[in-house]
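Undergrad: 3D, please:
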Amino acid sequence: MNKMQWFSGLVVSASCLWGSWANAASAPADYPNGPIRVIVPYGAGGGSDLTARYLGQRLSEKFGHPVVIDNRAAASGIVGTEIVANAVPDGYTLLLAFATHALSAQLFTKLPYDPIKDFAPVTMVVSTPLVMLIHPSMPVKTVPEFIAYAKANLGKLNYGTSGPGSAPHLAAELFASMAGIKMTHIPYKGVAQAIAAQLGNEVQVSYPDMFSTMPYWKSGRLRLIAVCSPTRSQAIPDVPTVAETLPGYEALVWYGYLAPAKTPRTIVDKLHKAIAAIMNTPEVRQYFNSQGYDPVANTPAEFAKIIKADADKWGAIGKRIGIKLD
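TA: Residues are numbered from 1 along each chain as shown. Down below sits the predicted model:
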């Protein structure tokens, strides 16, 4: 090979290298240039699903590309979450995570991903207290009356949840532990199924989120006796808190977007900026407020701190009341 051939080859190689680097560096600027899939690791009809679909439509309008909601309801959210953990970190596969996301590592003996290390927080979108719902056939209307009835009927009451290790599961077990009662856990594949079972009186009590169950207690088909926030909700100030009977009781939940770990920071920031802009519009804020949700739209760093704090808090509660799942 003469010097001219060698030099020409070097120029071609350098050009290819530069082209690859330039494409990689400029790819986030083109983001998104195709459909975005949002995995909801729970069934249709629950708070996660409704939130994802409402915001998905607005994200689609903002980006000019479809945002596809993909429900993967199985194994307490593990199946859907694992899909995102193993997805290419390019911003085209996201997770609409629930508040129990990070503590799953402390509740399950085997987990195919690390809920903190394998994900990049984008933003929390809303938070809301859980509520305590009972079937209207029960001869009680307050938390003290419920506790007295449960003590007189130990082991005869069933409570429904969206699955083992879910926020309603932990909230119910925390309530039973603090109240000194025993109830039987009946898990379902999602909030919608659990509520359907309660409407049919298969379960007598549940601790779902306020958002997805509002139509049922507003219509009287289920009886709302308390909210699980530390203070009364501004949306329903006449409803007492569980903490007014059991001081220190608290069960709040949130929904937020996570991307696979190693997703470029430019993509995470672009997603956060777009979602925060949507969440701060009067129309969207009014919508979530009317459903009992508080809009949040915090930064990725702030969201990461909350995930870690929740993992520590609920993980400790899970250990204290003996919840360990296979």
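Undergrad: For this protein, give me the ranges with low pLDDT.
TA: 1-28, 325-326 (pLDDT under 70).
Undergrad: mind listing the helices for it?
TA: 3-26, 47-63, 78-85, 104-107, 143-152, 167-179, 191-199, 210-218, 265-279, 282-290, 300-320 (DSSP state H).
Undergrad: quick one, what contacts the nearest residue to residue 239 once chain neighbours are set aside?
TA: Once flanking residues are discounted, residue 239 sits nearest to residue 227: 5.6 Å by C-beta to C-beta, 6 or more residues apart in numbering. Using the backbone N, CA and C atoms, a C-beta is placed for each residue, glycine as well. Counting by C-beta atoms under 8 Å, 6 or more residues apart in numbering, residue 227 touches 129-132, 210, 233, 236, 239-242.
Undergrad: quick check, nearest of these to residue 183?
TA: residue 132 (12.1 Å; C-beta to C-beta).
Undergrad: Can you get me a residue count around that closest one?
TA: 27 (other C-beta atoms under 10 Å).
Undergrad: Deepest-packed of the helices of the chain, please.
TA: Mean neighbour count, computed with mean count of other C-beta atoms under 10 Å, is highest for helix 167-179 among the helices of the chain, reaching a mean of 23.
Undergrad: okay, the angle between that helix and helix 47-63?
TA: 140 degrees (axes from the mean of the first three to the mean of the last three C-alpha atoms, to 10 degrees).
Undergrad: Specify the residue ranges that define each domain of this protein.
TA: Domain ranges of the chain: 34-127+254-320, 131-244, per automatic domain parsing.
Undergrad: just checking, residue 159 touches residue 205?
TA: Yes. If you go by C-beta atoms under 8 Å, residue 159 and residue 205 touch, sitting 4.7 Å apart.
Undergrad: Which neighbours do these two have in common?
TA: Joint contacts of residue 159 and residue 205 (C-beta under 8 Å, 6+ apart) are 172, 183.
Undergrad: Can you tell me the centre-most residue of this protein?
TA: residue 98 (1.3 Å; C-alpha atoms, centre = their mean).
Undergrad: looking at it, it is touching residue 167, isn't it?
TA: Yes. Contact between residue 98 and residue 167 holds when scored by C-beta under 8 Å: they sit 6.8 Å apart.
Undergrad: so what's in contact with the two at the same time?
TA: If you check residue 98 and residue 167 against C-beta under 8 Å, 6+ apart, the residues they both contact are residue 253.
Undergrad: and which of the contacts of residue 227 is nearest residue 117?
TA: Once C-beta to C-beta is applied, the member of the contacts of residue 227 that ends up nearest residue 117 is residue 130, at 27.7 Å.
Undergrad: I'd assumed residue 210 was in contact with that closest one.
TA: Yes. With contact defined as C-beta under 8 Å, residue 130 reaches residue 210; the gap is 7.4 Å.
Undergrad: So what angle separates the directions of the longest strand along the chain and helix 47-63?
TA: In terms of residue count, the longest strand belonging to the chain (DSSP state E) is strand 119-129. Orientation check (the same axes, to 10 degrees): strand 119-129 against helix 47-63 gives 120 degrees.
Undergrad: List the pairing partners of strand 119-129 within its sheet, with orientation.
TA: The pairing partners recorded for strand 119-129 under DSSP bridges are strand 252-260 (antiparallel), strand 294-295 (antiparallel).
Undergrad: hang on, residue 230 packs against residue 250?
TA: Yes. Counting by C-beta under 8 Å, residue 230 touches residue 250, with 4.9 Å between them.
Undergrad: Mutual contacts of these two, please.
TA: Counting by C-beta under 8 Å, 6+ apart, the residues touching both residue 230 and residue 250 are residue 243.
Undergrad: State the distance from residue 177 to residue 157.
TA: Distance, residue 177 to residue 157, by C-beta to C-beta, to the nearest Å: 15 Å.
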